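Participant: Compute the structure for the input listed below.
(2 chains)
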There are 2 protein chains.
Amino acid sequence: MNNTVINLGLAGLGTVGSGLVKIIQENNDWIVRRLGKTLKVKTIMVRDLDKPRNVVPSADTTFTTSIEDLLGDPQIDIIVELAGGIEFPRQLITQALERGKSVVTANKALLAEHGPELFELAAAKGVGLYYEASVAGGIPIVQTLKESLAGNRIKTLTGILNGTANFIMSEMSEKGEDFSTVLAKAQDKGYAEADPTLDIEGIDAAHKLVVLIRLAYGQDFPLERLIIEGISKVDQFDISLAREFGYRVKLLAQVRDKSGLLQGGVYPALLRQDHILAKVDGPFNAILLEGNAVGPVMLYGQGAGDLPTGSAVLADIMALARTDSAPNNTGFLEARLPQAQILAPERTVFRHYFRFTVLDRPGVMASIAGVMGEHNISIAQVVQRQCAPEAGVPIVFLSHSAQMNNVSAALETIKKFSFVLAPPVHYRII
Amino acid sequence: MNNTVINLGLAGLGTVGSGLVKIIQENNDWIVRRLGKTLKVKTIMVRDLDKPRNVVPSADTTFTTSIEDLLGDPQIDIIVELAGGIEFPRQLITQALERGKSVVTANKALLAEHGPELFELAAAKGVGLYYEASVAGGIPIVQTLKESLAGNRIKTLTGILNGTANFIMSEMSEKGEDFSTVLAKAQDKGYAEADPTLDIEGIDAAHKLVVLIRLAYGQDFPLERLIIEGISKVDQFDISLAREFGYRVKLLAQVRDKSGLLQGGVYPALLRQDHILAKVDGPFNAILLEGNAVGPVMLYGQGAGDLPTGSAVLADIMALARTDSAPNNTGFLEARLPQAQILAPERTVFRHYFRFTVLDRPGVMASIAGVMGEHNISIAQVVQRQCAPEAGVPIVFLSHSAQMNNVSAALETIKKFSFVLAPPVHYRII
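Facilitator: Okay, here's the model as predicted:
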């Protein structure tokens, strides 16, 4: 962009929008020193003009409730969509791209569900659609995949992408408290929303994973084809047992390339306590990936918050303001990326953790181990615990690598045994 | 660049050069998919045409010993300098920039010592001088500072930037072995060079720190004004004692912004064992930084090796090949960056670790503690150990924050006490 003032049209002045405005104000001289251009928040579209704000943009910023004041203003160079939701942002971004305006957004849900058509439209119009802030807050993973590691084929990518879920798992592990206790605490502290479904059921992390898969592999992986398992059923008992085995339980988002087929999913999983991701605690996010040239690389930082996420939005704005080249939206040249070649979930292979609650009587261990053997599940470690006999005795198995359809079949059989007193518990081990 | 084939002229076919050639061969289709252009290693300049190679470039690659075959070939778009050393690369890069050719280099020593004039020349000619591979191998820290975190003011940056030194410190800590034993082992494994001076004396890390300070602060920090302390005198005894206190000893490269003054240095220092950098072991590198918007961010990966470093070189080549815009060499617009405003080393403030070897007699502790008090050094923790009395008794003090000139003055006084049997040992605590 050649102008010396870059005019921004901002939709939404919530947490991230306020953070962005604050950073632009505070670091203005610094931005000019790097960019040679001034960023100006020209217009902010909000739902309610009278709502009190915790940030005061400059005196010549216009507030509006009209989308046309953003889209129809020829002086606005970049539309910054921080409104949240799906339908309104979708309309706003579509119309902005159609009118040849570049867009910066933090909206992972929108990009997961409607990314393909939005990127296709941006390519057709030759404008930017940037989204560093949509995944892992201030961590520069989008830029890293799109450019810095662009020459690498990514073998695997594993992320802790939801700070709320990670905070809950960390607290459960550190404090020995139950899921519901910790969730209530997280809601008190503002780490979890009143309706925490998106965070704790893995859906938010799944949205982000779809965005990352697109960047890493240049393929569109439909959200509905991801394995998605949340943390709301994670039992404190399994966290303690895993700890004794030397593991932590984390909500992971993961994609792996198995001979050209992708397997992708979000699930709570056991990680060795000396695994670098096992140390990512509380509201932090991290992404560990393995490239065929670079090897393992990890990026770590704050996954949410006004200033960290605002920093990522600002990076996109500066990148668009700096360049005269064609925007690099997805990291690939195709206007429409191919659909992912997907390895069916039942064919995925992991090591596994199983816990069975059984009657304490002879032959139980042999029966369970027998079923495992019949299904090609090789056992690496077994622990049986003494508990109050009326509640049943827990038996924990850690397996070697086993295919998921064998695991499902074995669990189906085992849970029908009369000595099995509760639904079996199962986690993947990474 | 508009051509569909990007011709590279490569100087040097050692570890990194071979890695680059391998990656371009192996990931060629992938690169074309992202770039729409083919990368071709057109010419390779080597010292000895007859030396056997562990990589075979394509049949139409020309080998030469003549610099003019790189510089004078109008078809060569990018000069890739991977020759090592200072004088030859300096000439090569200077002449390439003068002739309007963009350059990619991994040469941290050159950029630390001659960066200012080279970047000034590149700016004058409007060509690229890119150097992702010069710091921390495959870790995309250059791009991250130049672009992703460009809107942040960096408060502090702490890096483990030398894999050899980090391997030695990790092994000393894990195995309890002495410096010289571990160094010999590192040399055997090829992790350390026959002359390990640059690595173990902190000079290589200092070169990289100069490059990072330029990127983070837009200031030229002269190498000779960095504090540089190596690891060759680190005693196994202090590593064990630090471990007991809950610390690891690491060779750190660090810059901090203290109210507009920069303090920069490379030194072995104590890190709490739960500090995220304390877990960066062996040949890995990591950079932890704190931005005024993004907060803490860490990047972690392999700091050396043919493919990781080759991956970083490739990222630069792809970035130059992709853009039609003015290159973004330093992240700042000034052709000549200002000299750093430097906080004098004696005015820097740290917490400190001291070990004194003293005669076991009354009053010793009081005398040392008295000197500390006189110099405003507040003591946080003291441990005295029973040892063979003829060798003296070790006393360890951990201090609260204290200014370096006070520390130096106190050490000067204490070492003159007749009961002090050996030179005092001193480390910073981060």
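
Participant: From here on, just use CA atoms for contacts and neighbour counts.
Facilitator: Will do.

Participant: any low-confidence regions in chain A?
Facilitator: For chain A, the stretches with pLDDT under 70 are A:387-389.

Participant: residue at max distance from the center of it?
Facilitator: Counting by CA atoms, centre = their mean, the extreme residue of chain A relative to its mean C-alpha position is A:P362, 45.4 Å from that point.

Participant: Doesn't that one belong to a strand?
Facilitator: No: under DSSP: H, G, I helix; E, B strand; the rest coil, A:P362 falls outside any strand and is assigned coil.

Participant: how much space is there between it and B:S325?
Facilitator: Note on A:P362: its distance to B:S325, by CA to CA, to the nearest Å, is 75 Å.

Participant: now do A:E171
Facilitator: To B:S325, A:E171 is 48 Å away according to CA to CA.

Participant: now A:Q187
Facilitator: A:Q187 sits 47 Å away from B:S325, taking CA to CA as the criterion.

Participant: got it, and A:G373?
Facilitator: Using CA to CA, A:G373 is found at 62 Å from B:S325.

Participant: same check, this time on A:D48
Facilitator: To B:S325, A:D48 is 40 Å away according to CA to CA.

Participant: the more surrounded of these two?
Facilitator: Higher neighbour count among A:D48 and B:S325: B:S325, with 15 against 10, using other CA atoms under 10 Å in any protein chain shown.

Participant: Chain neighbours aside, what residue packs nearest to the more buried one?
Facilitator: Using CA to CA, 6 or more residues apart in numbering or on different chains and skipping the chain neighbours, the partner closest in space to B:S325 is A:D324 (5.1 Å).

Participant: The one you found is in what secondary structure piece?
Facilitator: Per DSSP states H and E: A:D324 is located in neither a helix nor a strand.

Participant: Mind telling me what element the residue positioned nearest the centre of chain A is part of?
Facilitator: Centrality entry for chain A: nearest residue to the mean C-alpha point is A:A205, 3.1 Å, by CA atoms, centre = their mean. When elements are assigned from DSSP H and E, A:A205 belongs to helix A:203-217.

Participant: for that helix, packing partners?
Facilitator: In terms of contacts (3 or more CA pairs under 8 Å, 6 or more residues apart in numbering or on different chains; DSSP states H and E), helix A:203-217 is packed against helix A:108-125, helix A:197-200, strand A:247-258, strand A:261-272.

Participant: chain center to it, what's the gap?
Facilitator: On the basis of CA atoms, centre = their mean, to the nearest Å, helix A:203-217 sits 6 Å off its chain's mean C-alpha point.

Participant: Show me where the stretch 1-150 of chain A has its helices.
Facilitator: With DSSP state H, counting those that start in this stretch as the criterion, the stretch 1-150 of chain A has helices at A:15-26, A:28-35, A:68-71, A:87-98, A:108-125, A:141-143.

Participant: Can you mark which positions in the one helix or strand A:Q187 maps to are buried?
Facilitator: Per DSSP H and E: A:Q187 is located in helix A:179-189. For helix A:179-189, a neighbour-count test (16 or more other CA atoms under 10 Å in any protein chain shown) marks A:179, A:182-184, A:186 as buried.

Participant: Need the residues that contact that helix.
Facilitator: With CA atoms under 8 Å, 6 or more residues apart in numbering or on different chains as the test, helix A:179-189 has contacts from A:164, A:167-168, A:171-172, A:192-194, A:232-236.

Participant: With stretch A:373-390 instead?
Facilitator: Contacts to stretch A:373-390, defined as CA under 8 Å, 6+ apart, come from residues A:359-360, A:369, A:372, A:393-402, A:406-407, A:409-410.

Participant: switch to 10 Å and redo it
Facilitator: Stretch A:373-390 is contacted from outside by A:241, A:245, A:351-360, A:365, A:367, A:369-372, A:392-411, A:421, using CA atoms under 10 Å, 6 or more residues apart in numbering or on different chains.

Participant: Mind checking which of those residues are in strands?
Facilitator: Judged by DSSP state E, strands contain the following of the contacts of stretch A:373-390: A:351-358, A:393-399, A:402-403.

Participant: Quick check: residues of the stretch 1-150 of chain A near chain B?
Facilitator: By CA under 10 Å from any CA of the partner chain, the part of the stretch 1-150 of chain A that sits against chain B consists of A:1, A:19-20, A:22-24, A:26-36, A:132, A:137-144, A:146-150.

Participant: wait, doesn't A:T62 sit right on A:D73?
Facilitator: No: with contact defined as CA atoms under 10 Å, A:T62 and A:D73 do not form a contacting pair (11.7 Å).

Participant: list residues touching both of these two?
Facilitator: Common neighbours of A:T62 and A:D73 (criterion: CA under 10 Å, 6+ apart): A:9, A:42-43.

Participant: Neighbour-wise, which one of those leads?
Facilitator: Among those, A:G9 has the most neighbours (other CA under 10 Å), with 27 neighbours.

Participant: Might you report the residue contacts of it?
Facilitator: Counting by CA under 10 Å, 6+ apart, A:G9 touches A:40-45, A:61-62, A:67, A:69-71, A:73, A:75-81, A:103.

Participant: quick one: it from A:L39, how far?
Facilitator: A:G9 sits at a distance of 11 Å from A:L39 (criterion: CA to CA).

Participant: cool, and A:V80?
Facilitator: A:V80 is 12 Å from A:L39, where distance means CA to CA.

Participant: which neighbours do these two share?
Facilitator: A:8, A:314, A:317.

Participant: how about A:P423, secondary structure?
Facilitator: Following three-state DSSP, the label given to A:P423 is coil.

Participant: if I pick it, what's in contact with it?
Facilitator: By CA under 10 Å, 6+ apart, the neighbours of A:P423 are A:355-357, A:411-412, A:414-416.

Participant: for A:T348, same thing?
Facilitator: Counting by CA under 10 Å, 6+ apart, A:T348 has contacts A:256, A:258, A:262-264, A:401-405.

Participant: for A:A106, same thing?
Facilitator: By CA under 10 Å, 6+ apart, the neighbours of A:A106 are A:16, A:80-84, A:130-135, A:137, A:309-310, A:312-313.

Participant: Chain neighbours aside, what residue packs nearest to the closest residue to chain B within the stretch 151-300 of chain A?
Facilitator: Nearest residue of the stretch 151-300 of chain A to chain B: A:V294, at 3.8 Å (CA to the nearest CA). Distance criterion CA to CA, 6+ apart; nearest residue to A:V294, sequence neighbours excluded, is B:P308 at 3.8 Å.

Participant: gap between the one you found and B:L277?
Facilitator: 20 Å.

Participant: Output the strand or helix carrying A:M169 as PDB - backbone C-alpha positions only.
Facilitator: Secondary structure from DSSP H and E places A:M169 in helix A:163-175. The C-alpha coordinates for helix A:163-175 follow below in PDB (Å, rounded to 0.1, in the frame of the first residue of the first chain):
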ATOM      1  CA  GLY A 163      -6.200 -21.700  27.100                       C
ATOM      2  CA  THR A 164      -9.400 -22.400  29.000                       C
ATOM      3  CA  ALA A 165      -9.200 -26.100  28.600                       C
ATOM      4  CA  ASN A 166      -5.500 -26.100  29.400                       C
ATOM      5  CA  PHE A 167      -6.000 -24.000  32.500                       C
ATOM      6  CA  ILE A 168      -8.700 -26.500  33.700                       C
ATOM      7  CA  MET A 169      -6.400 -29.500  33.000                       C
ATOM      8  CA  SER A 170      -3.400 -27.800  34.700                       C
ATOM      9  CA  GLU A 171      -5.500 -27.000  37.800                       C
ATOM     10  CA  MET A 172      -7.000 -30.500  38.000                       C
ATOM     11  CA  SER A 173      -3.500 -31.900  37.800                       C
ATOM     12  CA  GLU A 174      -1.800 -29.500  40.200                       C
ATOM     13  CA  LYS A 175      -4.600 -29.100  42.800                       C
END
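
Participant: So what's the gap between that helix and the chain middle?
Facilitator: 16 Å.

Participant: same question, stretch A:373-381
Facilitator: 32 Å.

Participant: Between the two ends of it, how far is it?
Facilitator: From its first residue to its last, stretch A:373-381 covers 14 Å (CA to CA).
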